[in-house]
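Enquirer: With the input below, show me the fold.
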Amino acid sequence: MVEPTSTKSLTDISSTEAFLTANGVAFKTVRHEQVFTIPEMLEKVKFEGDQPVFAKNLFLHNKKKKELVYLVIAAHDTNIDMKGLTNHLKAGSGNLRAGDQDVME
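Expert: Down below sits the predicted model:
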């Protein structure tokens with residue numbers, strides 16, 4: 001395995017696929033129109049062959065320590081226990097927030 005590069009260089013599909021390949025991560029790219037919700041994704045995104053597991057992504061940050069950011073990926077039908085996740089991440093009660101635009105940049 002090669003030494004991982006900074007994720008800042010993952011700016012498009014090609015660079016992301018190259019990074020995954022270089023790091024031995026198996027993947028399959030499925031191109032589809034842009035969707036914004038899970039119901040819309042379930043309706044519009046179609047796979048050939050394997051039965052897919054759709055995922056949802058939660059981009060979170062610690063409101064007291066904005067440099068602490070988290071990307072939580074779960075099956076689309078998973079209920080996220082935010083209190084349990086906060087405890088697991090040791091973020092402190094009430095400090096876990098959805099990442100806003102300035103944190104994502």
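
Enquirer: just for this protein, where's the confidence low?
Expert: Applying pLDDT under 70 to the chain picks out residues 1-8, 103-105.

Enquirer: go again using 50 as the cut-off
Expert: Scanning the chain for pLDDT under 50 picks out the ranges 1-2, 4-5.

Enquirer: What segments of this protein are strands?
Expert: Counting by DSSP state E, the segments of the chain that form strands are 55-62, 69-75, 96-98.

Enquirer: Distance to residue 47 and mean neighbour count added to those, as a markdown table?
Expert: (Each C-beta comes from the backbone N, C-alpha and C, glycine too.) As requested, the strands of the chain are exported to a markdown table (distance: least, CB to CB, whole Å; neighbours: other CB atoms under 10 Å):
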| stretch | distance to residue 47 | mean neighbour count |
| --- | --- | --- |
| strand 55-62 | 13 | 16 |
| strand 69-75 | 15 | 12 |
| strand 96-98 | 28 | 15 |
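
Enquirer: Pipe those strands into JSON lines and attach distance to residue 9 per row.
Expert: Output for the strands of the chain, formatted as JSON lines (distance: least, CB to CB, whole Å):
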{"stretch": "strand 55-62", "distance to residue 9": "19"}
{"stretch": "strand 69-75", "distance to residue 9": "17"}
{"stretch": "strand 96-98", "distance to residue 9": "25"}
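
Enquirer: do you know which of the ones you listed lies nearest residue 30?
Expert: strand 55-62 (12.1 Å; CB to CB).

Enquirer: how about the CA coordinates for that closest one, as CSV?
Expert: Extracted in CSV, the C-alpha atoms of strand 55-62 (Å, rounded to 0.1, in the frame of the first residue of the first chain):
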residue,chain,number,x,y,z
ALA,A,55,-25.5,5.0,2.5
LYS,A,56,-26.1,8.4,4.1
ASN,A,57,-23.3,10.7,5.0
LEU,A,58,-23.3,13.0,8.1
PHE,A,59,-20.6,15.7,8.1
LEU,A,60,-20.3,16.8,11.8
HIS,A,61,-18.0,19.0,13.8
ASN,A,62,-17.4,19.8,17.5
